[in-house]
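In: Need a 3D model of the sequence below.
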Amino acid sequence: MSLISCPECNKEISDTSSKCIHCGYQLKKRKPVKKIMAVIGSVMVILAAVVLLVLKLCQPASIFPSFIELMECRSPEKVKDILGEDFSHDDFESGFAFDTYRDIEIDGLGCVLFKIHYENGKCIGISWQTQKMDQGTKDTFFEAMVDRFGDVQGYQTEKYADITSEQFHWKGEEDFWVDINHSDEDREGIYYIKVMVNWR
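Out: Residues are numbered from 1 along each chain as shown. Here you go, the predicted structure:
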């Protein structure tokens, strides 16, 4: 408690008084600064939480989330957690081996083959080939890749008879490359995509 001067009679009174004890002048009650700051702080926290929630709700759902997750797995165990245990295993004298899934569906896209690659007992990557898809689905797939991995870092085309094969390269946050080949199989805009993720 401290003393202040009454604005009316100039006599000293307590700063906690609601009126002057000498002349009866009604004093205005000052709002505590700490309380005001606490209220402002609470309002700011609530506003920030609301903004974050709105941004999260407005964020578009990821396209082909399982495909993107598979590309970033980095281990056969994580791949099998996503795809299950219904695969065949093949070993070759060259030191290569494969765990192969056949005719499965991932994110609504049919896959003819999905393989986990091993070399001398070490997992070195994954690959898969989609079933035929139309132009719109193919374009959506590439949009998802660009959204996750950024702009294409390498590109080349090859022509076999009347089929054009295009190869795209993305490098992820870690040290692996995603190679995607797709070929125009006919003149009606039907595509299939081959994907190779090299973990080496």
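In: For the rest of this, base every contact and every neighbour count on C-alpha atoms.
Out: Will do.
In: for this protein, what spans make up the helices?
Out: Using DSSP state H, the helices of the chain run over 33-58, 65-71, 76-83, 135-149.
In: Quick check: the gap between residue 156 and residue 170.
Out: Residue 156 is 13 Å from residue 170, where distance means C-alpha to C-alpha, to the nearest Å.
In: So which of those two has more stuff around it?
Out: More crowded of residue 156 and residue 170, by other C-alpha atoms under 10 Å: residue 170, with 21 against 10.
In: does that one really touch residue 148, like I thought?
Out: No: at 9.8 Å, residue 170 does not count as touching residue 148 under the criterion of C-alpha atoms under 8 Å.
In: tell me the contacts of residue 22?
Out: Contact criterion C-alpha atoms under 8 Å, 6 or more residues apart in numbering gives 9, 11 as the residues in contact with residue 22.
In: Contact partners for residue 71?
Out: The contact partners of residue 71, taken as C-alpha under 8 Å, 6+ apart, are 126, 178, 197.
In: Might one say that residue 8 is in contact with residue 25?
Out: Yes: the pair formed by residue 8 and residue 25 meets the contact definition of C-alpha under 8 Å, at 6.5 Å.
In: Which of the helices and strands in this structure ranks last by mean pLDDT?
Out: The helix or strand of the chain with the lowest confidence, counting by mean pLDDT, DSSP states H and E, is helix 33-58 at a mean of 71.
In: related to what we said a few turns ago, among the helices of the chain, which is nearest residue 114?
Out: For the helices of the chain, the distance to residue 114 is smallest for helix 76-83, at 9.6 Å, taking C-alpha to C-alpha.
In: any chance of the helices of the chain in JSON lines, with distance to residue 13 too?
Out: Supplementary listing: these in JSON lines, determined by distance: least, C-alpha to C-alpha, whole Å:
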{"stretch": "helix 33-58", "distance to residue 13": "21"}
{"stretch": "helix 65-71", "distance to residue 13": "71"}
{"stretch": "helix 76-83", "distance to residue 13": "75"}
{"stretch": "helix 135-149", "distance to residue 13": "69"}
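In: among those, which is nearest residue 160?
Out: The minimum distance between residue 160 and the helices of the chain falls on helix 135-149, with 20.1 Å, by C-alpha to C-alpha.
In: Quick one: mean pLDDT for the closest one?
Out: In this model, helix 135-149 has a mean pLDDT of 86.
In: ok, now stretch 12-32?
Out: Taken as a whole, stretch 12-32 carries a mean pLDDT of 75.
In: Quick check: bridge partners of residue 197?
Out: Taking DSSP bridges as the rule, residue 197 bridges to residue 126, residue 178.
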